[in-house]
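Engineer: sequence isn't available, so here's the structure alone:
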């Protein structure tokens, strides 16, 4: 996941109905240390950022430019200890010294730290999963984010590149071989992709810098970093991969959804909820196909929708889709749109193409920088037919554009930058972010996008079914003994995905077990909307503004606040 910037507006805890959305972002990122909570929060961040400098940089804390985490055994222990201490210190604050808003933020912080501890300790990701490192190594902030002039960013990249060989050795020491096949392919694509990127696209990105000495330093550092990444990619493949070994197991999977998202329901119930939503979407697909392609099979109906390819390519098509989507939100008065910011659309860099699309949003410490919606091209190693099938149909792509920009992640960011909570701006739950973005795809169609056009509905259902199979694959792969081949088969036969996407998504489920959060989050949001509005569509805007004001906590916490319930609980 990208470092999406979502936030908590703590005023939402005591207000219901329409919210006031500020025209400009909340500029101050300073913490009032006069209260017990403010003093704690300031100290927490002062300790957290140095241990997680890559995270700090992506939030706009450029005093940490070029630094990477310490992934030595001592560094990993410190990463665990600082989180455990943060929880203990937060809980030690006398409740009498906290406002209701501060109590909420404390619960939020404790949940985030417990979730991070799950990945560090329970899942043991640093020793098992290359994905733990690939995202943290991402240098895109120095290349593509214009937070400073090119020479300044080039110096930051050089410092980063000089840190890569040490990091690569630490990763070699940590990862236990052999790796599962899907982990190995992901790791080699990520680490090898970095190697090519350092001396290729990254070099080209700084061509405008005319300082010969800086260019020389870049070449030396990039060459060493590339060699270290190539060596790492070779190392993890030095022992033949295994076909299994990726599963968390039922107990750890249940702990994952509990510790990271506050969802405490049995796996049997969770699986039944997912299967019911799959059937709901399959039935809706059959109905839409009856209008769009009468007499055709579901497979042929999907093929007809997918065959309507963007004439100018998906990147330009997505650019063209953005203005009408924004106008639709305004016309239907579905949600407040604060500010005047717009998102850019670009092709994703070679080292970060494990998913078809994502958005990179500047951190809350940045000022006036663009968000970029990236779209990935097909894997060049695929055959021609598979590559062609991977290019989405126009209406399939429309669902992705809704998800990433209007009114998905990007709009969430616009609200977040107007929040009062600094902690909320910095941390976001997977289910909140992806649940909201996925929820908006269906909500837009329900609100009348394209006036009930069946092709638009099929495009939306294509994305919904993709997430249904992610949900069921996550449970299956990690708690039910499902194989990667069985997951792929389900993506193909139950969710009607093309071979390239199905292959990619089945593999992703092994190293990203939390990707059930798209559907899980969406379903909790839908249920909360119905309960909060009482089924009154005239209250949708108020609901959306209220919900977005919370930004990133576990959705059960948001439900408790909005519904004024006694306990945080997951309701589907």
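Structural biologist: Everything's here; your move. It should be emphasised that the depicted structure is a prediction, and the values quoted were computed from it without experimental measurement.

Engineer: the chain: strands as residue ranges?
Structural biologist: 343-347, 357-360, 371-375 (DSSP state E).

Engineer: indicate which one of those strands is closest to residue 64.
Structural biologist: Closest approach to residue 64 among the strands of the chain (C-beta to C-beta): strand 357-360, 17.8 Å. For glycine as for every other residue, the C-beta is placed from the backbone atoms N, C-alpha and C.

Engineer: where do the helices sit along the stretch 451-572 of the chain?
Structural biologist: With DSSP state H, counting those that start in this stretch as the criterion, the stretch 451-572 of the chain has helices at 454-479, 484-493, 499-511, 517-533, 540-548, 555-563.

Engineer: need those in a markdown table with mean neighbour count, distance to residue 145 and mean pLDDT, can you?
Structural biologist: Listed next are these as a markdown table, based on neighbours: other C-beta atoms under 10 Å; distance: least, C-beta to C-beta, whole Å; pLDDT from 0 to 100:
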| stretch | mean neighbour count | distance to residue 145 | mean pLDDT |
| --- | --- | --- | --- |
| helix 454-479 | 25 | 28 | 97 |
| helix 484-493 | 18 | 34 | 98 |
| helix 499-511 | 22 | 25 | 94 |
| helix 517-533 | 22 | 26 | 98 |
| helix 540-548 | 22 | 24 | 95 |
| helix 555-563 | 22 | 30 | 97 |
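
Engineer: hmm, residue 49 is touching residue 61, no?
Structural biologist: Yes: counting by C-beta atoms under 8 Å, residue 61 is a contact partner of residue 49 at 6.0 Å.

Engineer: sorry, back to before: ok, of the strands of the chain, where does mean pLDDT dip lowest?
Structural biologist: Ranked by mean pLDDT, the strands of the chain bottom out at strand 357-360, with a mean of 91.

Engineer: check which helices and strands it sits against.
Structural biologist: Contacts defined by 3 or more C-beta pairs under 8 Å, 6 or more residues apart in numbering; DSSP states H and E place strand 357-360 against strand 371-375, helix 394-404.

Engineer: tell me which of these sits most buried.
Structural biologist: Counting by mean count of other C-beta atoms under 10 Å, helix 394-404 has the highest mean neighbour count of the helices and strands packed on strand 357-360, with a mean of 25.

Engineer: so for that helix, what's the average pLDDT?
Structural biologist: In this model, helix 394-404 has a mean pLDDT of 96.

Engineer: got the angle for it vs helix 517-533?
Structural biologist: Calculated by axes from the mean of the first three to the mean of the last three C-alpha atoms, to 10 degrees, helix 394-404 forms an angle of 70 degrees with helix 517-533.

Engineer: what is the worst-scoring helix or strand of the chain on mean pLDDT packed up against?
Structural biologist: For the chain, counting by mean pLDDT, DSSP states H and E, helix 422-426 ranks last in confidence among helices and strands (a mean of 81). Helices and strands touching helix 422-426, by 3+ C-beta pairs under 8 Å, 6+ apart, are helix 36-51, helix 100-117.

Engineer: tell me who's in contact with the nearest residue to residue 255 once chain neighbours are set aside.
Structural biologist: Leaving aside its chain neighbours, residue 255 sits nearest to residue 122 (5.9 Å; criterion: C-beta to C-beta, 6 or more residues apart in numbering). If you count contacts by C-beta atoms under 8 Å, 6 or more residues apart in numbering, residue 122 has them with 252, 255-256, 259.

Engineer: tell me how far residue 122 lies from residue 356.
Structural biologist: 30 Å (C-beta to C-beta, to the nearest Å).

Engineer: which of the helices and strands packed on helix 422-426 is buried the deepest?
Structural biologist: helix 100-117 (a mean of 20).

Engineer: mean confidence (pLDDT) on it, please.
Structural biologist: Here the average pLDDT along helix 100-117 is 94.

Engineer: for it, packing partners?
Structural biologist: helix 36-51, helix 73-92, helix 250-261, helix 422-426, helix 555-563.

Engineer: check what contacts stretch 399-410 and list those residues.
Structural biologist: 4, 318, 321-322, 325-326, 329, 334-335, 337, 343, 356-359, 361, 371, 373, 375, 392, 411, 433, 436-438, 440-441, 444, 459-460, 462-463, 544.

Engineer: give me the buried subset of these.
Structural biologist: 4, 318, 321-322, 325-326, 329, 334-335, 337, 343, 356-359, 361, 371, 373, 375, 392, 411, 433, 436-438, 440-441, 444, 459-460, 462-463, 544 (16 or more other C-beta atoms under 10 Å).

Engineer: thinking again about what came up before, kindly reformat the helices and strands packed on helix 100-117 as TSV containing distance to residue 116.
Structural biologist: Converted to TSV, the helices and strands packed on helix 100-117 look like this (distance: least, C-beta to C-beta, whole Å):
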stretch	distance to residue 116
helix 36-51	10
helix 73-92	6
helix 250-261	9
helix 422-426	13
helix 555-563	17
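
Engineer: which stretch among those comes nearest residue 384?
Structural biologist: It is, among the helices and strands packed on helix 100-117 and with distance given as C-beta to C-beta, helix 250-261, at 38.1 Å.

Engineer: now find how far off-centre the closest one is within its chain.
Structural biologist: For helix 250-261, the separation from the chain centroid amounts to 18 Å (computed by C-alpha atoms, centre = their mean, to the nearest Å).

Engineer: list the buried ones in it?
Structural biologist: 252-261.

Engineer: same check, this time on stretch 158-172
Structural biologist: Here stretch 158-172 shows 158-165, 167-171 as buried, counting by 16+ other C-beta under 10 Å.

Engineer: do the same with stretch 124-133
Structural biologist: Those would be 125-126, 128-133, for stretch 124-133 by 16+ other C-beta under 10 Å.

Engineer: from those, which single one is nearest residue 499?
Structural biologist: residue 131 (22.8 Å).

Engineer: among the contacts of residue 122, which one sits closest to residue 379?
Structural biologist: residue 256 (28.6 Å).

Engineer: the closest one: what's it in contact with?
Structural biologist: Counting by C-beta under 8 Å, 6+ apart, residue 256 touches 118, 122-123, 248, 513-514.

Engineer: do residue 48 as well
Structural biologist: 82, 86 are the contacts of residue 48 under C-beta under 8 Å, 6+ apart.

Engineer: any idea how far it lies from residue 36?
Structural biologist: On the measure of C-beta to C-beta, residue 48 and residue 36 end up 18 Å apart.

Engineer: pLDDT wise, what is the residue lying closest to residue 79 once chain neighbours are set aside at?
Structural biologist: Computed as C-beta to C-beta, 6+ apart, the closest residue to residue 79 that is not its neighbour in sequence is residue 51, at 5.7 Å. Looking at residue 51, its pLDDT is 97.
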